[in-house]
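Chemist: based on what follows, work out the 3D shape:
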Amino acid sequence: MSKILFLQGIWFEFEGIMGLSAALKKAGHTVDIVIGTDWQKLLPEIRAYEPDIIAISMITTIEQCENIDILCVGEGDEPMVELANAIDKGEDYSGIMSLWIRKGSQIIKNPLRPLNMDMDSKPWEDRNIYRKYDFFKDFEFAQVMVGRGCPHLCSYCYNHQYRRMYAEVGSKKYTHLRSVENVIGELLVLKNKYGYKSMFFNDSTLTYDKRWLLHFCERYKEEIDLPFTINGVVNEIDEEICKALADTGQCYLIRFGLESGDEKFRLGVMNRTNTDEQYYKATSLMQKYGLRYSMQFMLGLPGETLEMSYKTLEMAAEISGKNSVHAVNVFKPYPKLDITEYGINMGAYDRSLFQDVNSPIGSNRNNIYSNFRQDEEGRLIQNLSRFAHLYIRYPWMRPVIKKLIKYPDNRLYRLLWRVSETYYTGRNHTKSSWKFAFKYVFKHFAKSFR
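Modeler: Below is the predicted model of the structure:
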């Protein structure tokens, strides 16, 4: 059978890789992974494996990166298995749907295959692929995907483009959840075999299917009974859902997107469906049932003014409950997002930023600190993000922060953001110990703030 080697630069369990690995192993293929950033040092290990396929993630096009032979568009589990099967049998793979294939100077762009939404037929994610590294044996939480897709069309998220892609090939249904029985079965394995101490449900939202969630909460309380984090949307979170989550006794955190404190900007440019009133109502309900919650928001969006950024942070403070968590994100203008096109058209970004194979947009290490805006106000907002946690939690510091952001960005500002994000957000999202939280952060970012 074929030998597939995944290359990864970040020390993290990626669900996409675990899903692909599970599908490949189910088909009888051999899969391994190499993690690191010093590829010259890792080259002997890569060569020793003698892979038939080397798999990486990328955002540039196949035309720009001549060393890429095959590009997968959309969901990859089925086309990758077909590719591995064809290579193993020595068969032609140039017609596999969802694959773009380089043949000399020609690029064959095969059509996208419709979505297969039979989620229960897919194997559970392969956790073993990462276990060759001791670092992952210490992971205290398991990331879990219950389904695929999202019912919302936010302009800053890939889902709106994904839905358009699949609508063009006749996929009418975009969201689907696994059965409760299937999910509980996987969670029992994660709890009993791997010893994870908490569950982090990574789906964009699990509150959109109320019937499914209420049934799941009953089973979770009876059979899993570990702390868990869940994502939701405020206009989906009602009293019945809050009560069901609270009754599990283990709902550690509900995460939702605030994104911007400016309602007009949120509803218009960001294409969110949530009003200010819905945020105040949902957070009041969560406080009523003693549910801890985390709000995600972005700074540095195209068209966002400094005053709008202050408004976002101040609204985050207003809707906070006891022990609320705030996740501060610096917006990244990834290619082909509606909001990215909006930013290009208004002059916030140069289009060449998204056309260069060496663009910093694709750098996981460097892009966490930059919003890539070209204007002075964008620079000030970027600096404000470094102090965002302090701005929210300590109102008396706000006048000082407004002066500090006028100075050039520097490694001290970036270190402050990384430490405060770890202290106030990272550990709380996953109910991790301090030991694990700082071990994880400094393994990744000890050099990136320089």
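Chemist: any idea how far Ile319 is from the residue at minimal distance from the centre of the chain?
Modeler: The centre of the chain sits closest to Asn202, judged by CA atoms, centre = their mean, with a distance of 7.7 Å. Per CB to CB, to the nearest Å, Asn202 is found 23 Å from Ile319. From N, CA and C alone the C-beta is placed, and that goes for glycine too.
Chemist: what are the phi and psi angles of Met298?
Modeler: When read as degrees, to the nearest 10, the backbone of Met298 gives phi -120, psi 140.
Chemist: the one 10 residues further on now?
Modeler: Dihedral pair for Met308: phi -70, psi -40, per degrees, to the nearest 10.
Chemist: then the one 5 residues further on?
Modeler: Listed backbone geometry of Leu313 is phi -70, psi -40, with angles given as degrees, to the nearest 10.
Chemist: Ala388 is in contact with that one, correct?
Modeler: Yes - if you go by CB atoms under 8 Å, Leu313 and Ala388 touch, sitting 5.9 Å apart.
Chemist: just to revisit the earlier point, the residue lying closest to the residue nearest to the centre of the chain once chain neighbours are set aside pairs with what?
Modeler: Residue nearest to Asn202 in three dimensions, not counting chain neighbours: Gln143, with 5.0 Å by CB to CB, 6 or more residues apart in numbering. Using DSSP bridges, the bridge partners assigned to Gln143 are Phe200.
Chemist: roughly how far does Gln143 sit from Phe12?
Modeler: 9 Å.
Chemist: intersection of neighbour lists for the two?
Modeler: Counting by CB atoms under 8 Å, 6 or more residues apart in numbering, no residue touches both Gln143 and Phe12.
Chemist: need the contact list for Gly290.
Modeler: So Gly290 contacts Ala246 (CB under 8 Å, 6+ apart).
Chemist: read off the pLDDT value for it.
Modeler: pLDDT, Gly290: 97.
Chemist: let me know the secondary structure of it.
Modeler: coil (DSSP: H, G, I helix; E, B strand; the rest coil).
Chemist: any idea how far Gln278 is from it?
Modeler: Taken as CB to CB, the span from Gly290 to Gln278 is 20 Å.
Chemist: next one: Ile87
Modeler: Going from Ile87 to Gln278 by CB to CB gives 51 Å.
Chemist: cool, Pro333 as well?
Modeler: On the measure of CB to CB, Pro333 and Gln278 end up 27 Å apart.
Chemist: mind giving me the domain split of the protein?
Modeler: According to automatic domain parsing, the chain comprises the domains 3-109, 138-358.
Chemist: reformat those as TSV; add distance to Glu125.
Modeler: Putting the domains of the chain into TSV (distance: least, CB to CB, whole Å) gives the following:
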stretch	distance to Glu125
domain 3-109	4
domain 138-358	7
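Chemist: most neighbours per residue, which of these?
Modeler: domain 138-358 (a mean of 18; mean count of other CB atoms under 10 Å).
Chemist: the domains of the chain: which one's closest to Lys435?
Modeler: Ranking the domains of the chain by distance to Lys435, with CB to CB as the measure, places domain 138-358 first at 8.7 Å.
Chemist: got a list of what Trp124 touches?
Modeler: Ala22, Gly185, Glu186, Val189.
Chemist: so for His429, which of the domains of the chain sits nearest?
Modeler: His429 sits nearest to domain 138-358 of all the domains of the chain, at 6.1 Å, using CB to CB.
Chemist: and His176, its phi and psi?
Modeler: Taking degrees, to the nearest 10, you get phi -160, psi 140 for the backbone angles of His176.
Chemist: quick one: low-confidence residue ranges for the stretch 1-150 of the chain.
Modeler: 60-63 (pLDDT under 70).
Chemist: can you show me the strands along it?
Modeler: Ranges of strands in the stretch 1-150 of the chain, per DSSP state E, counting those that start in this stretch, are 3-8, 30-35, 53-55, 70-72, 99-103, 106-109, 141-144, 147-148.
Chemist: in a markdown table, list those strands along with distance to Lys431.
Modeler: What follows is the strands of the stretch 1-150 of the chain, written out as a markdown table (distance: least, CB to CB, whole Å):
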| stretch | distance to Lys431 |
| --- | --- |
| strand 3-8 | 25 |
| strand 30-35 | 25 |
| strand 53-55 | 32 |
| strand 70-72 | 34 |
| strand 99-103 | 40 |
| strand 106-109 | 45 |
| strand 141-144 | 7 |
| strand 147-148 | 23 |
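Chemist: which one of the ones you listed lies closest to Asp409?
Modeler: strand 3-8 (28.4 Å).
Chemist: what angle separates the closest one from strand 30-35?
Modeler: 20 degrees (axes from the mean of the first three to the mean of the last three CA atoms, to 10 degrees).
Chemist: please state the offset of strand 3-8 from the chain centre?
Modeler: Relative to its chain's centre, strand 3-8 lies at 21 Å (CA atoms, centre = their mean, to the nearest Å).
Chemist: please name the residues that touch the closest residue to Ile237 other than its chain neighbours.
Modeler: Closest residue to Ile237 in three dimensions, ignoring its sequence neighbours and counting by CB to CB, 6+ apart: Ala282, at 4.6 Å. Residues in contact with Ala282 (CB under 8 Å, 6+ apart) are Val234, Asn235, Ile237, Phe256.
Chemist: cool, Glu259 as well?
Modeler: Per CB under 8 Å, 6+ apart, neighbours of Glu259: Cys154, Tyr156, Arg266, Met270, Arg272, Gln296, Phe297, Met298.
Chemist: can you confirm the fourth one is in a strand?
Modeler: Translated: Met270. No - counting by three-state DSSP, Met270 falls outside a strand, being coil.
Chemist: I'd like to know how far the residue nearest to Ser179 when sequence neighbours are not counted sits from Gly147.
Modeler: The spatial neighbour of Ser179 that comes closest, neighbours along the chain excluded (CB to CB, 6+ apart), is Asp120 at 5.5 Å. Distance of Asp120 to Gly147, given as CB to CB: 10 Å.
Chemist: what do the two both touch?
Modeler: Joint contacts of Asp120 and Gly147 (CB under 8 Å, 6+ apart) are Arg178.
Chemist: now stretch 387-395: buried residues?
Modeler: Buried residues in stretch 387-395, counted by 16 or more other CB atoms under 10 Å: Phe387, Ala388, His389, Leu390, Tyr391, Ile392, Arg393.
Chemist: how near is the third one to Asn271?
Modeler: Right, His389. Distance of His389 to Asn271, given as CB to CB: 27 Å.
Chemist: what residues of the helix or strand encompassing Gly378 count as buried?
Modeler: Assessed by DSSP states H and E, Gly378 sits inside helix 376-386. Residues of helix 376-386 classed as buried: Glu377, Gly378, Arg379, Leu380, Ile381, Gln382, Asn383, Leu384, Ser385, Arg386 (neighbour count, 16+ other CB under 10 Å).
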